[in-house]
Every structure is written in C-alpha cells, then in structure tokens.
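Asker: Test case, fold it:
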Amino acid sequence: MLDNERGLYIAHCANGALSITGKMANRHGLIAGATGTGKTVTLQVMAETFCQAGVPCFMADMKGDLSGISQVGKMSGFIEKRLPEFGIENPQFQSCPVRFYDVFGEQGHPMRATISQMGPMLLSRLLQLNETQDGVLNIVFRIADDRGLLLIDLKDLRSMLDWVSKHAKEYTTKYGNISVQTIGAIQRTLLQLEAQGADKFFGEPSFDIYDLLQTEGGKGVMSVLAADKLMMQPKLYSTFLLWLLSELYSTLPEVGDLPLPKLVFFFDEAHMLFTDTSKALLDKIEQVIRLVRSKGVGIYFITQSPTDIPEVILGQLGNRVQHALRAYTPKDQKAVKTAADTFRANPEFKTDEAIMNLETGEALVSFLDEKGAPNIVERAKVLFPLSQIGAVTEGQRMDIIKQSRVYGKYDTPIDRESAFEVLMAEAEQQMAENEAAAQEEEKAKGKKKSGMMSKVWKAVLTAITSTFATILGTYVSDKVTGKKTKSKTSATGRVVKNATSAATRSITKELTRDILGNLVK
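Answerer: Purely as a prediction, here's the structure:
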C-alpha cells in the first residue's frame, strides 16, 4: 500500500508501519515460508504497492491466484476485522493494470526467445548436458557464428547439429574433437524438449524486454506469467526466468540507485534456479544478481526456506519477509536456525522460536534503512491486498488480453530465413550438382562404350569382307586355271578357316588396342 508518510507500506508491527525504502527496493529481497503461510498474498501486497508507486513488476503465477491483481478487491469479514490493526478506516480497493503472458501462448501473450539469445550456457542447462556435450554445443554455436548462420528456433539448431556432424573432420583441427555420437545424444535431448512443447518458446518475434517496463495511468504495469503448465517442466521454467534476468542485465543501461526501481522481478519457486546448476552458471547468476541492481532492477526470491538460496546470493537479499517454518525433523530445525541467523536480532523475542509460531499472514520482517543497513527484525502482520484475492475467470482473462497494448505483437510467429533454410538450400544445391556430375559421367561412359563397339563392328565387317573376298578370289582362280583339288569342299574350308583366323586376329588386335588405350587414359 502506498502511503506518502510511510513509503512502500507492506506490514504493521507493535512499533508501527514497516515499509520498504524506495531507493533500497533494488537491493533485492526474500519472501520465505512453508506452504500455506501466506507467501502468495505477501507477494501480491508488495507487487500492488510497487504498482501504485509507478513501478512495473514481473511475476510468475503458479496457480492462477495472482491473476486477481487485475480486479478491484472488496471488503470481507477477515479484512474488516484487521482494519484497526493497520490504522486504516476506509481502504481504497483498486486493481492494477495487468498484461498476461504465457510461454505456450495459451493463457496470455506468447513469450519467445531465439536459440542465439538463449546462448549455449543456458541451453546446456535446459538440456541437462554433460561437460562433453556442453563443449560440442559451444563448438556448434561458434561455427554458426563464423558462418553467419542465424539460430532462431529448434529446427535451426537441429539442422546445424546435423551439418556439423557430417563435416566433423573438417572442423576437428580448428575447433576440437567433434564426436558424432555426442551430437546424436544432443539431438535426442532436443527431441525430448520439443515433445514437452518447448518449440513454442524458441522463435520470433522474440520478446522485447522493454515491454516489462511500462506504466499506465501513473501505475506500473503488472506482467503476470501463467506458470501452472510451465511448472511441470522445472528446468524450462527456471531457465526461462534466468534468461529474462540475463536479458535485463545485458540490455538495460546503468542508472545507479534511483528513488524507485525501474522494475521489480519476483522469482517464485526460486529453489529451482539453483538445483543441479553448474559452478560456472552459478557464478554467472551471482554476477547478474549482484550487478543488475545498478540497472534499476530489484529481484525478490520466493521460496520455502532461506537454505534454498546459496549463501553467496542470500547475502545480497536485503529486504526480508519470513513466514512460518515447521521443524519436524533435524533438517527442518537446522533450516529454522539458519533463517533466524539471517536477521538482525530483536531483544524482545527469540527469532528461531518466533519463526515456528507465526500465524498465517504473520511474518518476521526486516527491510533496509536509508543507509542500506538491515533494520532489527520485527514480528508483524502483512497488509491485505486492495485487489482481488483469487483467480479471474477465463472471460476476464481474455478481455484483458485483447485490450492489452501488446495484443497482436507476439501472437503470430515469424519464420524468416535462418540456418535451417540456408543449410537446406546448400544441401539441395549439392544434390543437384552431384546428380549433374553423375549424368555427365554416364554420358562419357556411354560415348566410350559406343566408340569401342564401333571399332569392334568395323573390325568384324572388315574381317568378313576380307574372308569373302578371299573365298571368291580362290574360286575364280580355280575356274580360270582349271586347277582341280582333291576335295573342293576341303579347299574352300581351308580358305574359310584361314580367312576366319585372319578376321579373329584383326578383331583381337582392335579390342586389345582399344582396351589398352582406355587403361592408359
């Protein structure tokens, strides 16, 4: 709730209002607590408070409950009972301007990224590749860059992998060993990813980060991501949100500490971001979180226990709201102690005992002061939302989508020329060239065969002509001279035999000469 005197009013304790200092809101924060303790309502209260101050927010909606922030709230018995606790007499219920998004394009505007924008590091995490496969994927991206090939969607990456596989020997010396088996394993993981619907995420038009930084009527626009289906694929969910953070970090200019942040990013189910994450990627995440605040972006992680967040990142989360934790096991007890140790102690109560006894809607709260130091932890009650608690109807959702300023901007996918089309054209051209070469070779063979047969038949005809000439000459000679032979038949036979032998020798010579000539050629 925005209060001119209190600032970003979030909760109320025995000592008065607890508010986030505007210029410290980009120092990040944590909302933690067991399931059912009120984390989602706290997120909604904080988001609409930022909204009223003109700060846009991005948040993932796990169960559809946060969609109610788009509707005006109303009085209930529960709220009426709590009004005196907050010193509020007449709450001004109101809604927030909202844009619904959905990676799958079903419950909101599609949010897409290209393969190149995602990059090999995040894609490797999404595909859960091992070190060797990660190295090959990096080589494929490098080859695509060197050849000027655009990697936009999954078919671009698949075609690039296939092309590199077929030309692996050509690149081994320059880029390193490229195993065909490794590429095959990557292709299989891509097929699995596509079967899960991730192909709808990769493509164009890619999402414009500046659409998250909009205001309407002086209020910050709430960008609500429908995540109920996305949550079924934890790697895709966490990698997608990490990509958004990386894009904000790489795109936005340096602005330092502003009176209010340019954007507040709520990262729900934050533990998924750090599960099975490589050291290199964890270092990258730590760097983004540490430096993105200078871009005017505040990140608020929502998870069950502070132990879900690596210490190097937990130390950067200055604004804390800790709901109840249960301690049924030694592991749970350790988590409670860890959570208590992250607060600046209050001498009026034991922090670890308070964490286990908080009621729904109650929390331990500590925000940064004007100088950036954490205030003493207070046991407080979080404000009630001024917008609707609970999900909107499908009709309400569709109306908001159609009235959005970005309606139609992302709804129709674009498939321009990229690696797939270029490599396909090259393959077709190569096939055409190979076919033409084969036809030329067949023609050349046909000419050689025709020439050889021509020579053979010429030799045969020459031999036959010679044979008949010999027979005729012998016959005429005998008639003229009157010479008699013992056997006319035998004499003629000898002539035929000799002539045939001559013809055979002539044919053999011609064939031998032609064959030897071809061998020499």
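Asker: residue ranges of the helices in the stretch 351-500 of the chain, please?
Answerer: Secondary structure of the stretch 351-500 of the chain (DSSP state H, counting those that start in this stretch): helices at 351-357, 394-403, 419-481, 488-520.
Asker: Residue 383 contacts residue 85, doesn't it?
Answerer: No: contact criterion CB atoms under 8 Å: residue 383 and residue 85 do not qualify, at 9.6 Å. All C-beta atoms are positioned from the backbone trio N, CA, C, and that covers glycine.
Asker: Pull up the overlap in contacts between the two.
Answerer: Common contacts of residue 383 and residue 85 (CB atoms under 8 Å, 6 or more residues apart in numbering): residue 12.
Asker: okay, those two: which has more neighbours?
Answerer: Between residue 383 and residue 85, residue 383 has the larger neighbour count (other CB atoms under 10 Å), namely 27 against 11.
Asker: And the helices in the stretch 151-300 of the chain?
Answerer: 154-166, 168-175, 180-195, 234-251, 271-274, 279-292.
Asker: Contacts for the longest one, please.
Answerer: With CB under 8 Å, 6+ apart as the contact definition, helix 234-251 has outside contacts at 58, 60, 103, 111, 113, 117-118, 122, 125-126, 128, 193, 196, 198, 201, 209-210, 212, 227, 230-231, 263, 265, 267, 269, 272-273, 275, 284-285, 288-289, 291-292, 295, 297, 299.
Asker: Now list the buried members of those residues.
Answerer: Buried members of those, scored by 16 or more other CB atoms under 10 Å, are 58, 60, 103, 111, 113, 117-118, 122, 125-126, 193, 198, 201, 212, 227, 230-231, 263, 265, 267, 269, 272-273, 284-285, 288-289, 292, 295, 297, 299.
Asker: Show me those that map onto strands.
Answerer: 58, 60, 263, 265, 267, 297, 299 (DSSP state E).
Asker: If I average pLDDT within each of the helices of the stretch 151-300 of the chain, which one is lowest?
Answerer: Lowest mean pLDDT of the helices of the stretch 151-300 of the chain: helix 168-175, a mean of 86.
Asker: next one: that one to chain centre, how far?
Answerer: 26 Å (CA atoms, centre = their mean, to the nearest Å).
Asker: Extract the C-alpha trace of that helix and format it as PDB.
Answerer: Extracted C-alpha coordinates of helix 168-175, given in PDB (Å, rounded to 0.1, in the frame of the first residue of the first chain):
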ATOM      1  CA  ALA A 168      33.100 -33.100 -38.300                       C
ATOM      2  CA  LYS A 169      36.500 -34.000 -39.700                       C
ATOM      3  CA  GLU A 170      36.800 -30.600 -41.400                       C
ATOM      4  CA  TYR A 171      36.400 -28.800 -38.100                       C
ATOM      5  CA  THR A 172      38.400 -31.000 -35.700                       C
ATOM      6  CA  THR A 173      41.700 -29.200 -36.200                       C
ATOM      7  CA  LYS A 174      40.300 -25.700 -35.700                       C
ATOM      8  CA  TYR A 175      37.600 -26.200 -33.100                       C
END
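Asker: by how many degrees do it and helix 180-195 diverge?
Answerer: On the basis of axes from the mean of the first three to the mean of the last three CA atoms, to 10 degrees, helix 168-175 is oriented at 100 degrees to helix 180-195.
Asker: how about the ones in strands among the buried ones among the contacts of helix 234-251 in TSV, adding distance to residue 166 and pLDDT?
Answerer: Output for these, formatted as TSV (distance: CB to CB, whole Å; pLDDT from 0 to 100):
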residue	distance to residue 166	pLDDT
58	42	98
60	41	94
263	45	97
265	43	97
267	41	94
297	44	97
299	44	97
